[in-house]
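In: just need the structure, nothing else, for what follows:
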Amino acid sequence: MTETAPTTLSQSVCRRAPNRLVVALLGLLALIGAACGAVTTEPTPTPPVAPADQTLQRMVRDVVLTLDQSVKDEDFTALFDEFHIRSQVYVSPDIMQKTYQRFIDDGVDLSAVATTDAVFNGEPRRERRGLVLVLSGHYPLPAGKVPFQVRYWYRDNGWGLHAVLVRAPGSSDIPLPPDREPEFTR
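Out: The predicted structure follows:
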């Protein structure tokens, strides 16, 4: 049995329309998926196991000491430069300065971190399919405990700074710029 050709142009278009509609919908879904990060041309990196304790100590110490120097200089460009390039879209030197303005105003000195080991709150936490490493704890300084939470994002075969929140010694509040939510509560 052979098919007969449609007798009108409208009948021909109607038979092809479902196929074109399916192709258009699939293309739209692929475009939306790529925009949301579901489809990417980059391979998803496989994060290694969490670094050893000594490396974690160095990673956090370096960030807190860079923050300390930024507070003393009243210039947060060096701290901003520590952030992974993809994390820089969420923060700027101006936002960091507003966040830590109280540290500047109160003359907070975190330099004792250079000779003090962090006390971590348990093992590092992994988030976002293991690509985010969250370290939280405090530094036991003479001026009081200095609580912190630092997030690293695994990209390009290494851990890059993603977010940092540090409290002043003995303080119970987390410094936040106006109209910002803390990164670690999202």
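In: domain map for the protein?
Out: Here the domain parsing of the chain from automatic domain parsing is 1-41, 54-181.
In: contacts only, for residue 147.
Out: Residue 147 is in contact with 136-138, 166-167, counting by C-beta atoms under 8 Å, 6 or more residues apart in numbering. The C-beta positions use only the backbone N, C-alpha and C, and glycine is treated the same way.
In: so where's this protein uncertain?
Out: 1-47, 85-87, 89, 172-186 (pLDDT under 70).
In: quick revisit: how about the contacts of residue 147 in JSON lines, adding neighbour count, distance to residue 90 and secondary structure?
Out: Putting the contacts of residue 147 into JSON lines (neighbours: other C-beta atoms under 10 Å; distance: C-beta to C-beta, whole Å; DSSP: H, G, I helix; E, B strand; the rest coil) gives the following:
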{"residue": "136", "neighbour count": "18", "distance to residue 90": "19", "secondary structure": "strand"}
{"residue": "137", "neighbour count": "20", "distance to residue 90": "23", "secondary structure": "strand"}
{"residue": "138", "neighbour count": "18", "distance to residue 90": "24", "secondary structure": "strand"}
{"residue": "166", "neighbour count": "27", "distance to residue 90": "17", "secondary structure": "strand"}
{"residue": "167", "neighbour count": "19", "distance to residue 90": "20", "secondary structure": "coil"}
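In: want to throw the residues you listed into JSON lines with distance to residue 153?
Out: Formatted as JSON lines, those follow (distance: C-beta to C-beta, whole Å):
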{"residue": "136", "distance to residue 153": "16"}
{"residue": "137", "distance to residue 153": "19"}
{"residue": "138", "distance to residue 153": "23"}
{"residue": "166", "distance to residue 153": "18"}
{"residue": "167", "distance to residue 153": "22"}
